[in-house]
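Participant: my questions concern the predicted model and sequence given below.
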Amino acid sequence: MKKIVFFTLAQSLLLSFTASAVDYSSPIENCKKSVDIVLNQDYELFKQLYAPLPKDMDESIVKGMLAREHDHYTKNHYLGIHNFTIVGTEVLEDAKNSIIQRSQKNALKYGYTDELWVNYTFKTSKVFGKKEDNVTKKENVNLGKLMASGLWSTY
């Protein structure tokens with residue numbers, strides 16, 4: 001199953017990125033749609049964005065994953081996703097030779113060279129035991145560019 005991978009802002013500061021004139025509107029839009037998938041447990045939208053799903057993957061597996069993500073962001077660890085905003089993108093070129101081991105491993109496994117990081121923020125309440133604190137989360141979603149198709153894909 002393809003996974004959406006989140007890295008911390010501190011990790012992004014370790015990278016050497018280059019600016020590019022490539023149009024990233026499609027992966028940015030997909031990142032925004034991922035919020036709708038999690039909040040609404042939208043199986044049909046998930047299939048549209050992350051198709052084709054492996055043939056042996058039962059629908060209940062995906063729906064269970066969506067339910068766990070939904071609960072994580074709305075009931076268990078966080079209490080909702082509010083004011084979700086894309087704050088920029090960064091491109092890691094030649095991810096196969098990156099010093100970031102996760103990037104290197106995924107680039108080799110999935111056969112891509114460039115990795116796009118879509119940086120975003122959202123406001124939420126974070127649950128600490130019985131205590132709630134309002135926080136702003138700063139994270140990113142990572143996508144690898146599949147050279148054969150030219151499409152960006154999460155992994």
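Facilitator: Perfect, thanks for sending it. Predicted model only: the values in this text are computed from it and were never measured.

Participant: contacts, neighbours, all on C-alpha from now
Facilitator: Will do.

Participant: which strands and helices sit next to the helix ranked longest in the chain?
Facilitator: The helix spanning the most residues in the chain, taking DSSP state H as the definition, is helix 25-40. Under the contact criterion of 3 or more C-alpha pairs under 8 Å, 6 or more residues apart in numbering; DSSP states H and E, helix 25-40 touches helix 43-50, helix 59-71, strand 82-92, strand 112-128.

Participant: following element in sequence after the last one, please.
Facilitator: Stepping forward along the backbone from strand 112-128, the first helix or strand reached (DSSP states H and E) is strand 131-146.

Participant: what's the nearest residue to Glu132 if we skip its chain neighbours?
Facilitator: Lys126 (5.5 Å; C-alpha to C-alpha, 6 or more residues apart in numbering).

Participant: bridging residues for that neighbour?
Facilitator: Tyr78, Asp133 (DSSP bridges).

Participant: was I right to think it contacts Tyr78?
Facilitator: Yes: when contacts are counted by C-alpha atoms under 8 Å, Lys126 is listed as touching Tyr78 (4.6 Å).
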